[in-house]
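Trainee: one predicted model, sequence on top.
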Amino acid sequence: MPHRQRKNIRPGLSVAIVLKQDQRTGRLTHGTVKDILTNSPTHPHGIKVRLTDGQVGRVQQIAADADE
């Protein structure tokens, strides 16, 4: 899945993330990537990012597949 690979995430990309406090419910927060926080090339739960508004979470969807 593309959201689990760091190479597919870049600053300026529109994404949907799950915040730490929303992991149980799976509630998604939409925003634009400011920083990539995960250093490894892949992560099974999604790449951790900081959005432009300062929220931090793991990418669950990339804008291109947000409609799926």
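Mentor: Sure, I can see it.
Trainee: okay, which residue is most central for the protein?
Mentor: Geometric centre of the chain, nearest residue: Val59, 1.9 Å, by C-alpha atoms, centre = their mean.
Trainee: can you check the pLDDT for that one?
Mentor: Note on Val59: pLDDT of 97.
Trainee: and it, how close does it get to Asp53?
Mentor: Here Val59 is placed at a distance of 15 Å from Asp53 (C-beta to C-beta, to the nearest Å). (Glycine included, C-beta is placed from N, CA and C.)
Trainee: check which residues of the longest strand anywhere in the chain are buried.
Mentor: Ranked by number of residues, the top strand in the chain under DSSP state E is strand 28-36. For strand 28-36, burial by neighbour count (16 or more other C-beta atoms under 10 Å) applies to 31, 33-34, 36.
Trainee: for those residues, which one is nearest Arg4?
Mentor: Sorting the buried residues of strand 28-36 by distance to Arg4 puts Ile36 at the head of the list, at 13.0 Å, by C-beta to C-beta.
Trainee: wait, that closest one sits on Ile9?
Mentor: Yes - if you go by C-beta atoms under 8 Å, Ile36 and Ile9 touch, sitting 5.7 Å apart.
Trainee: list residues touching both of the two?
Mentor: Residues touching both Ile36 and Ile9 (C-beta atoms under 8 Å, 6 or more residues apart in numbering) are 47, 49.
Trainee: what about the strands in this protein?
Mentor: Taking DSSP E as the test, the strands found in the chain are 14-19, 28-36, 48-51, 56-62.
Trainee: burial count for the nearest residue to Lys7 once chain neighbours are set aside?
Mentor: Leaving aside its sequence neighbours, Lys7 sits nearest to Pro41 (C-beta to C-beta, 6 or more residues apart in numbering; 6.9 Å). Look at Pro41: counted by other C-beta atoms under 10 Å, it has 10 neighbours.
Trainee: likewise the one 10 residues further on?
Mentor: The number of residues packed around Leu51, counting by other C-beta under 10 Å, is 19.
Trainee: on that earlier part again, so what does the longest strand of the chain touch, helix or strand wise?
Mentor: In terms of contacts (3 or more C-beta pairs under 8 Å, 6 or more residues apart in numbering; DSSP states H and E), strand 28-36 is packed against strand 14-19, strand 48-51, strand 56-62.
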